[in-house]
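Q: predicted structure and sequence below. I'll ask about it afterward.
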Amino acid sequence: MGEELYSGNRHEIILTNRGMVEITGVNRVESFDSEEFLLKTECGYLGIRGQDLRIRSLDLESGRVSIEGHLMDLGYLDGHGAPASERAKGILGRIFR
C-alpha cells in the first residue's frame, strides 16, 4: 500500500448486527446525514450508507467514531491505481451528485 493511503496507525471496523459500527483510525468526518457518512481514515476514505444513521459517539482526538442506524453498505472510495487528484474528484463527485 502507498504511504498516502496507510500511515501505519491502527484502523479497525467493528460491525454489530447491522445496527452499529465502531471505527478507529478516523482522521475526520468529511460529511454526514441520516443516509450517508464519509470518513477520512488511516486507510483512505470510507463511505457508510444506510437509513436513520446518527453518530452515537465521536472522539477525533483518539480517532474513534460510533454510528448507529440501519447499515446497508460500507466501502472504501479510493481508486488504488488512480492518481490522488483523480481520487479526490471521484470522492467529491459522490458527495455532490
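A: Structure received.
Q: okay, now the nearest residue to residue 10 once chain neighbours are set aside: neighbour count?
A: Of all residues not flanking residue 10 in the chain, residue 25 sits nearest, at 5.7 Å (C-beta to C-beta, 6 or more residues apart in numbering). The way it works is simple: take the backbone N, C-alpha and C, and place the C-beta from them, glycine included. Neighbours of residue 25 under the rule other C-beta atoms under 10 Å: 21.
Q: elements contacting the strand or helix carrying residue 51?
A: Using DSSP states H and E, residue 51 sits in strand 44-59. Counting contacts by 3 or more C-beta pairs under 8 Å, 6 or more residues apart in numbering; DSSP states H and E, strand 44-59 is packed against strand 20-24, strand 26-32, strand 36-41, strand 64-76, helix 84-95.
Q: ok, which of the ones you listed comes nearest residue 11?
A: strand 36-41 (5.3 Å; C-beta to C-beta).
Q: rewinding a little: got the contact list for the residue nearest to residue 10?
A: Contacts for residue 25 (C-beta atoms under 8 Å, 6 or more residues apart in numbering) come out as 9, 10, 11, 12, 41, 42, 43, 63.
Q: next: residue 57.
A: Contacts of residue 57 by C-beta under 8 Å, 6+ apart are 64, 65, 66.
Q: what of residue 46?
A: 13, 23, 38, 39, 40, 74, 75, 76, 77.
Q: not counting its neighbours along the chain, what's nearest the second one?
A: In space, residue 23 comes closest to residue 65 once its chain neighbours are excluded; the distance is 4.9 Å by C-beta to C-beta, 6+ apart.
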